[in-house]
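> Curious how this folds, go ahead:
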Amino acid sequence: MLFLFFQSAIAMLLNSWESSQKYWLLAASLTNIVSIFLLISLFKREDTRFLYLFRFNRVSFRKDLLIFIGLTVILVPVAFLPNNFLSVWLWGNAEIPFKMMFQPIETWILYILLLAFPVTITLAELATYFGYLMPRLEKQLKIKWVSILLPMLFLSLQHCTLPFIPDVKFIIYRGLVFFPFALFLGVSIRYRPTLFPYFAILHGVMDLGTVMMLFTV
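Prediction:
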């Protein structure tokens, strides 16, 4: 909902919903900032620190690193192949969703996003769903697999409004394109929680590449 809220705010400033769509990385960064502050507050209520999520386990560091490298080899096609498959299935052309999402914006905003988006996504997204929500759902729900599935679904479906473009095919595309990625990360982190900081950093690096794409349009 925060993605939609910030896109709506941008649309009001620009007096155009269509124009607001191209600032989706800005809306995402603002959402991430809000999420980080909420997470800090929630962890503080539990007498712990949000940043503890991102500590590397010294005891299992070498083994974690080797497992992470192996999983990353598998993760790359899991993360990128659904985009091509869904684009061709829905439009018959892999370039259409790219053109819908990546439109020219002001250079000075791009340079802000170059730092803001990957850093905030590193601290916010996986931390929300797999660092905070998943372990607490597991404690409360009797059916353990539901506590794993729900965060994955939330992580995947939230992208329907990032950006929100009132086009049925695009909404389906955004809702499904990250599900395999979310599933892979959720299962990996659930069964080896010490991998969390590695995947959080990888996520930020991947989204640095997302910002770089905007420099090409």
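> which helix of the protein spans the most residues?
In the chain, assigned by DSSP state H, the helix with the most residues is helix 61-91.
> what does the average pLDDT come to for that one?
Confidence over helix 61-91, taken as the mean pLDDT, stands at 95.
> what's the following helix or strand after that helix?
Note on helix 61-91: by DSSP states H and E, the next helix or strand toward the C-terminus is helix 96-101.
> Could you give me the buried positions within that next one?
Burial within helix 96-101, assessed by neighbour count using 16 or more other Cβ atoms under 10 Å, is assigned to Ile96, Pro97, Met100, Met101. Any C-beta I mention is one placed from the backbone N, CA and C, and that applies to glycine too.
> which among those residues gets closest to Ile201?
Nearest to Ile201 among these: Met101, at 24.0 Å, using Cβ to Cβ.
> any residues touching whichever strand or helix holds Leu137, and which ones?
For Leu137, the enclosing helix or strand under DSSP H and E is helix 134-140. Counting contacts by Cβ atoms under 8 Å, 6 or more residues apart in numbering, the residues outside helix 134-140 that touch it are Lys144, Val146, Ser147, Ile148, Leu150, Pro151, Gly186, Ile189, Arg190, Pro193.
> Give me the buried positions along the next helix or strand after it.
Counting by DSSP H and E, the next helix or strand C-terminal to helix 134-140 is helix 144-157. Within helix 144-157, the residues that count as buried by 16+ other Cβ under 10 Å are Ser147, Ile148, Leu149, Leu150, Pro151, Met152, Leu155, Ser156, Leu157.
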